[in-house]
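Sequence and predicted structure below; questions after.
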Amino acid sequence: MKELLKTLVEISAPSGYESQVRNQIQEWIRPLVDEMRVDALGNLLAVHRQADAPRIMLVAHMDEIGLMITHVDRQGFARFVSLGGVMPIHCVGGRVRFLNGVQGVIGVEKNPASYEIPPLEKMFIDVGASSAEDCPIRIGDVAVFERPFLDLGKRVVAKAMDDRVGVAVLIETLRRLEKSAFEIYFVFSVQEEVGVRGATVAAFGVEPHLGLAIDVTATGDTPKGHRMEVQLGKGPAIKIRDAGMLADPRLIQWMVQTAEKAKIPYQREILEFGGTDARAIQLSRSGVPAGVISIPCRYVHAPSEMVDMEDVENAVKLLGRLLQTPSPLELSS
Ligand code: CO
Ligand code: ZN
C-alpha cells in the first residue's frame, strides 16, 4: 500500500483541478467496479452493485490545498491566494509546482522590524523569471507544495496525505472486497478543501441511505500539541464530533462494535476544529445518517503530513468489516 500511497501523494491536484489524480484512480479501479462515471463537478463515482441492499456512500477527497496566482509584477514575481487552508507559517522558503510543471520558491517582502509570521499577501512566488514577459505563469494558474514522499518505515510523510491516504484506503478496500451487505458507491470527491463542494453534489446524485467519509484527523501527540486524545499508531479514529458535524450515534456504535468484534484497534475522536465531506452527506436532501473513519495525521495542511502505515492498514480492515456487517439503521428503500 506504500507504493499506492506514494504514487497518489506525488500527483498535483489542488481543489478544482483534480483530473490527474482522477485519471490515475480510474485506471486502477476500472476492472473492480460495475459502473463508473464522472459528474458535472468532476467527482468520480464508482458503483459496486448489490441487489436489494441499502446504498452506502463512501467518500475520500481527491483535492489537496494549493495556491492560485492573482498577479504577476513587472519583474516576474507572482502573487497568490490560497486554495483551501494554507497556513503562512508553512510557506516561506517552500517550493511549489504548477500543473504545467513549472517550479518556484516562495519569497517574502523584507520587514526588518518584525520576526512575526507574515500574511500570504506579503509573499510571492519566484520561478526564476526576470520580467513579466519572461514569466511562464499566468493569472489563475494553480500550484501545490513540492515535496517528495518520505518513507520513515512504519511512518510515512508527504504533502497531500490529506486526503490521498483516504483515497488509498478506498482503493485498497475495493481491491480486497468480497461480499458486501451494501450497494457501495465509492466517491472520489473534488473541492473538499474549499468547502466540501464536490461531496455536496455527489450526495444528491447518489441518494445514499448512509454515508461514511474517510479523511485525516489531527493528533494530540506532539510537544505542546492540541489538547486531543488521538495519537499516531493507535488505530483509525471513529469520529464523534468535529466543527462541522455530530456523527450519527447509531453509526458510531456500529463502527465501535465492529472494531471490537474484529479486534481492530480504534480511537474515539473529538476534533475541535475542521470538518469533512461527511457533513455534506449528512445535510443533503432531507438528511442522511453519516459518520467518519479518520486516519490520524500529524502536521495536517503542512507540506509534510505524517501518517502511520498500521493505522492505514487498520482503517482498511475496519472498513472491510463494516461493509460485511448489516446496517444498524431501519431502512425503507
Ligand atoms: Co484538509
Ligand atoms: Zn481532508
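Yep, it's here. Numbers count the residues shown, from 1 in each chain. Ligands and ions are numbered 1, 2, ... in the order given.

low-confidence ranges in the protein?
For the chain, the stretches flagged by pLDDT under 70 are 112, 331-333.

What is the three-state secondary structure of the residue sitting furthest away from the middle of it?
Computed with C-alpha atoms, centre = their mean, the residue of the chain farthest from its C-alpha average is Ala113, at 38.2 Å. Counting by DSSP: H, G, I helix; E, B strand; the rest coil, the backbone at Ala113 sits in coil.

gap between it and Leu120?
Distance from Ala113 to Leu120, counting by C-beta to C-beta, to the nearest Å: 19 Å. Placement of C-beta: from N, CA and C, glycine included.

Can you tell me which helices and strands the helix or strand containing Ile171 packs against?
Assessed by DSSP states H and E, Ile171 sits inside helix 161-176. For helix 161-176, the elements it packs on are helix 2-9, helix 19-29, strand 55-61, strand 183-189, strand 210-217, strand 290-296, strand 305-308, helix 309-324, judged by 3 or more C-beta pairs under 8 Å, 6 or more residues apart in numbering; DSSP states H and E.

For ligand 2, which of the ones you listed is the nearest?
Set against ligand 2 and scored by C-beta to the ion, the helices and strands packed on helix 161-176 come closest in strand 210-217, at 4.3 Å.

Can you tell me which helices and strands that closest one packs against?
Helices and strands touching strand 210-217, by 3+ C-beta pairs under 8 Å, 6+ apart, are strand 55-61, helix 161-176, strand 237-242, helix 277-282, strand 290-296, helix 309-324.

Mind putting those into TSV with distance to ligand 2 and mean neighbour count?
As requested, those are arranged in TSV below (distance: least, C-beta to the ion, whole Å; neighbours: other C-beta atoms under 10 Å):
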stretch	distance to ligand 2	mean neighbour count
strand 55-61	6	28
helix 161-176	4	25
strand 237-242	11	23
helix 277-282	8	28
strand 290-296	10	28
helix 309-324	14	21
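
Distance to Ser82 added to those, as a markdown table?
Listed next are the helices and strands packed on strand 210-217 as a markdown table, based on distance: least, C-beta to C-beta, whole Å:
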| stretch | distance to Ser82 |
| --- | --- |
| strand 55-61 | 16 |
| helix 161-176 | 14 |
| strand 237-242 | 21 |
| helix 277-282 | 20 |
| strand 290-296 | 23 |
| helix 309-324 | 27 |
